[in-house]
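Asker: 3D model of this:
(2 chains)
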Amino acid sequence: MPSRVDRWRAERALRLVAFASLMAWIANAARPALARVDVATDSSLNEALPRWTRAANVDSVHAQLDTVPDAAGIAWLGALARGGVGMSWSGPGIPAMALEAFPSAEPAGGVTVLAGAPAASVRVVSDALGPLDTLVGGPTSAVRFASLEGGVTFTSGIQPARVGVAPRGATRRVLVTGAAGWEAKFVVAALEEAGWMVDARVFISPDHDVTQGALAALDTARYSAVVLLDSAGAERARGVERFVRDGGGVVLAGDAGLSPRVASLMSWRVLKRELAPLGTLAGDTSWRGLSRLPLQPTSPARPVVLERRGGRATLVARRHHGGRVVALAYDQTWRWRMAGGDSSRVEHRAWWSRVVAGVAFRSVASSDVTTGAAPLASLYAALGPPSPSVRALPLFLSPSALSNALGVLLFAALLAEWWLRRARGAR
Amino acid sequence: MNPPVTGHQSPVTSSEFVWATAQYESGDWDSAPLVAINLTDSVARYTSLRVSASPVIVSLGSSDVLRYPFLFLTGHLPVRFTEAERANVRAFVDRGGFLFVDDHNHDIDGVFHKTATEELRRTCGAIADLPNNHELYSTLFRFPDGPPTTGHELNGWGDNLVHKNLQAILRNGRVVVLYSSKDYSSEWSYHPENKRFQAIDNTRFGVNVIVYALTR
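Answerer: Residues are numbered from 1 along each chain as shown, chains lettered A, B, ... in the order given. Okay, here's the model as predicted:
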């Protein structure tokens, strides 16, 4: 049986609770009305989108994402944002990635896939039939596949990127021109063995040249690329700049870049010839023929350096209006083919074919950035930059629920205090 | 003109055309020593090609043959390649080199012709007559009747025949082995300064062969 002192203490505690509840209730009622934020995650987004579209009592919405929604989801979110709904999103775990796939210009066909994603993630390229390859190494990769079924899917962690592959355009011819010599002979042979249709014009004296094929003016209707093997070839080429403007490709080999005729295509200069140290094997791909004229990028339009040997650029490329230009430091690759190892002929052929395919005219634009090609970039484009993550308040902490709870607590405390006073005989 | 040097002494990285005479184990590979400098002189005379003034002699048994995509092979005696020579010739031809073989005997019943054609057939494949309208005959100078006749043919030396055609082995439509029974080795083996005594330079066909090798 509690003593009178204990009861008196309990009464005082209950009065204190009632007073605190009253103060809290008043404070809760007096604070400004909080905006109501509706938060959805990946799993609940499909249900949230119709709700957000219809709801009248939602002040703002927040999409808290682990992966980028599909194209329809992004479009819906963008429409809500443009329609006046306070839209925000967050997705700190979504990787920045991009994917491009286009048919290779090489006669052998195939599809080239360019993919970029954080190097730390697990990156897999798949087609409609399943996984094709796992990418390792740096954040960007270029992979060539002999064939693909359907589109290409590139996955970084759990985030996929998807693109279709444009149909392959008609293959056009390649023009090779330069001074007569082993380099001209073996470059033509290598390209023909790789399946290219080659026209050639090689000079054997100031007033005599040897031609192959029905030579025509440089035009993207006939040629996809021109290979200028040396300064003699560059000096006598006509209309190269216009050809590149129209989308054609140019390969400048050896000292071709010394000709003023191609100066407008270059953002580099050709340096003095370097010879391989005595004892270097002809098959050494550091030299690709024991001789090279390194390339020095010049500002401001710096080219992309695709290959560097001994600290010097040996393979550079750049875009020039609609076309592409690539320059090679090597001018005696025939030595690689003739005197290299057992596979040097195949390697020489494949290397030259890839170089030409890299600049060859592409009839179908391949740079369309679709939602699937760069998912995170698409989200930025539709919704703007992300905001910090928003945590939805538990229901019992909403202002009205809190007010009700405090009221109940106040009433209960007063009732208990009254009962205790009655129990000890007081009024 | 400098005298021929052996292959390993030549500059490694020259991009010039170098006349290379094939040295093989059997036979007398050096029976026409002046052909190299005479043809080198002609190429320099009629074209603007960069030409090495120093022809080389290269052993067929050495991988050095792959450094010289143009090889000249001649002789009077039987030709029997060693295994190493055969492997190198096969690799040379497969990779796109050009082998010019001339019968110094001008005799299709002679030992060089019989053994050399047999060896080439065994090493590189079937050998056949080259049509006289082939582009080899018009690459620089025009020879509408095919290969020019030689003094030894007209004088009745050897088999006493005027051979109408050269023979060839083709790869992808290109001549990779050119075989002559016409004895150009005798026809062209003289010092280049003596060209001034000729009404028409008889090495012009040799220039055509070289230009063809460099451009096809």
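Asker: contacts only, for the one residue sitting closest to the centre of chain B.
Answerer: Chain B has residue B:100 as the residue nearest its centroid, 3.1 Å off, counting by CA atoms, centre = their mean. Shown in contact with residue B:100 (CB atoms under 8 Å, 6 or more residues apart in numbering or on different chains): B:70-73, B:178, B:180, B:209, B:213. Every C-beta, even on glycine, is put in place using the N, C-alpha and C of the backbone.
Asker: chain B contacts on the stretch 151-300 of chain A?
Answerer: The stretch 151-300 of chain A has residues A:179-186, A:189, A:192-193, A:200, A:202-206, A:208, A:210, A:212, A:275-276, A:278, A:282, A:290-291 near chain B, with proximity defined as CB under 8 Å from any CB of the partner chain.
Asker: phi and psi next, for residue 141.
Answerer: Here I'm looking at chain A. Torsion angles at residue A:141 (phi, psi; degrees, to the nearest 10) stand at phi -140, psi 150.
Asker: swap in the one 5 residues further on?
Answerer: For residue A:146, the backbone dihedrals (degrees, to the nearest 10) come out as phi -60, psi -40.
Asker: now the nearest residue to it once chain neighbours are set aside: how far from chain B?
Answerer: Nearest residue to residue A:146 in three dimensions, chain neighbours excluded: residue A:110, at 5.1 Å (CB to CB, 6 or more residues apart in numbering or on different chains). In this view, residue A:110 and chain B are 23 Å apart by CB to the nearest CB, to the nearest Å.
Asker: got a pLDDT number for residue A:110?
Answerer: Looking at residue A:110, its pLDDT stands at 89.
Asker: look at the residue of the stretch 1-150 of chain A found nearest chain B and report its pLDDT.
Answerer: Across the stretch 1-150 of chain A, no residue is closer to chain B than residue A:107, which sits at 14.7 Å (CB to the nearest CB). pLDDT recorded at residue A:107 is 90.
Asker: what's the nearest residue to it if we skip its chain neighbours?
Answerer: residue A:195 (2.9 Å).
Asker: list the contacts for the one you found?
Answerer: So residue A:195 contacts A:106-108, A:353 (CB under 8 Å, 6+ apart).
Asker: check the gap between it and chain B for me.
Answerer: Remark: distance between residue A:195 and chain B (CB to the nearest CB) = 12 Å.
Asker: around chain A, pick out the residues from chain B.
Answerer: Residues of chain B lying near chain A by CB under 8 Å from any CB: B:12-13, B:15, B:17, B:46-50, B:63, B:66-67, B:69, B:92, B:94-97, B:139-140, B:172, B:174, B:211, B:213-216.
Asker: can you do 6 Å?
Answerer: When proximity is defined as CB under 6 Å from any CB of the partner chain, chain B approaches chain A at B:13, B:15, B:47-49, B:66-67, B:69, B:95-96, B:211, B:214-215.
Asker: and the strands in the stretch 101-250 of chain A?
Answerer: A:111-116, A:123-127, A:130-135, A:140-145, A:152-156, A:159-163, A:173-179, A:198-205, A:208-212, A:223-228, A:249-253 (DSSP state E, counting those that start in this stretch).
Asker: I'd like those as CSV, with mean neighbour count and distance to residue A:38 appended.
Answerer: Below are the strands of the stretch 101-250 of chain A laid out as CSV (neighbours: other CB atoms under 10 Å in any protein chain shown; distance: least, CB to CB, whole Å):
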stretch, mean neighbour count, distance to residue A:38
strand A:111-116, 21, 34
strand A:123-127, 20, 35
strand A:130-135, 14, 38
strand A:140-145, 15, 39
strand A:152-156, 24, 29
strand A:159-163, 22, 24
strand A:173-179, 25, 60
strand A:198-205, 21, 65
strand A:208-212, 16, 71
strand A:223-228, 26, 55
strand A:249-253, 27, 53
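Asker: hey, which helix is longest across chain B?
Answerer: Assignment by DSSP state H gives helix B:111-124 as the longest helix of chain B.
Asker: turn the contacts of residue A:195 into JSON lines, columns for neighbour count and distance to residue A:126.
Answerer: Listed next are the contacts of residue A:195 as JSON lines, based on neighbours: other CB atoms under 10 Å in any protein chain shown; distance: CB to CB, whole Å:
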{"residue": "A:106", "neighbour count": "20", "distance to residue A:126": "23"}
{"residue": "A:107", "neighbour count": "17", "distance to residue A:126": "26"}
{"residue": "A:108", "neighbour count": "13", "distance to residue A:126": "22"}
{"residue": "A:353", "neighbour count": "23", "distance to residue A:126": "27"}
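Asker: just the ones of those residues in helices?
Answerer: Counting by DSSP H, the contacts of residue A:195 place residue A:353 in helices.
Asker: can you tell me the element the nearest residue in space to residue A:330 that is not next to it in sequence falls in?
Answerer: Nearest residue to residue A:330 in three dimensions, chain neighbours excluded: residue A:288, at 4.5 Å (CB to CB, 6+ apart). Secondary structure assignment for residue A:288, by DSSP states H and E: no helix or strand.
Asker: any weak-confidence spans in chain B?
Answerer: The model of chain B has pLDDT under 70 over residues B:1-14.
Asker: can you give me the strands in it?
Answerer: B:5-6, B:20-23, B:56-59, B:70-75, B:98-103, B:128-129, B:167-171, B:174-180 (DSSP state E).
Asker: which one of the contacts of residue A:195 sits closest to residue A:375?
Answerer: Nearest to residue A:375 among these: residue A:106, at 29.5 Å, using CB to CB.
Asker: who are the contact partners of that closest one?
Answerer: Residue A:106 makes contacts with A:353, A:357, as judged by CB atoms under 6 Å, 6 or more residues apart in numbering or on different chains.
Asker: next one: it from residue A:231, what distance?
Answerer: To residue A:231, residue A:106 is 28 Å away according to CB to CB, to the nearest Å.
Asker: before we move on, what about residue A:380?
Answerer: Using CB to CB, residue A:380 is found at 47 Å from residue A:231.
Asker: same drill for the two, tell me which one is more crowded.
Answerer: Neighbour count, other CB atoms under 10 Å in any protein chain shown: between residue A:380 and residue A:231, residue A:231 has more, with 21 against 14.
Asker: any idea how far chain B is from that one?
Answerer: Residue A:231 is 13 Å from chain B, by CB to the nearest CB.
Asker: likewise for residue A:271?
Answerer: 16 Å.
Asker: separation between the residue nearest to residue A:241 when sequence neighbours are not counted and chain B?
Answerer: Computed as CB to CB, 6+ apart, the closest residue to residue A:241 that is not its neighbour in sequence is residue A:264, at 5.5 Å. Distance of residue A:264 to chain B, given as CB to the nearest CB: 27 Å.
Asker: please consider this matter closed, and thank you.
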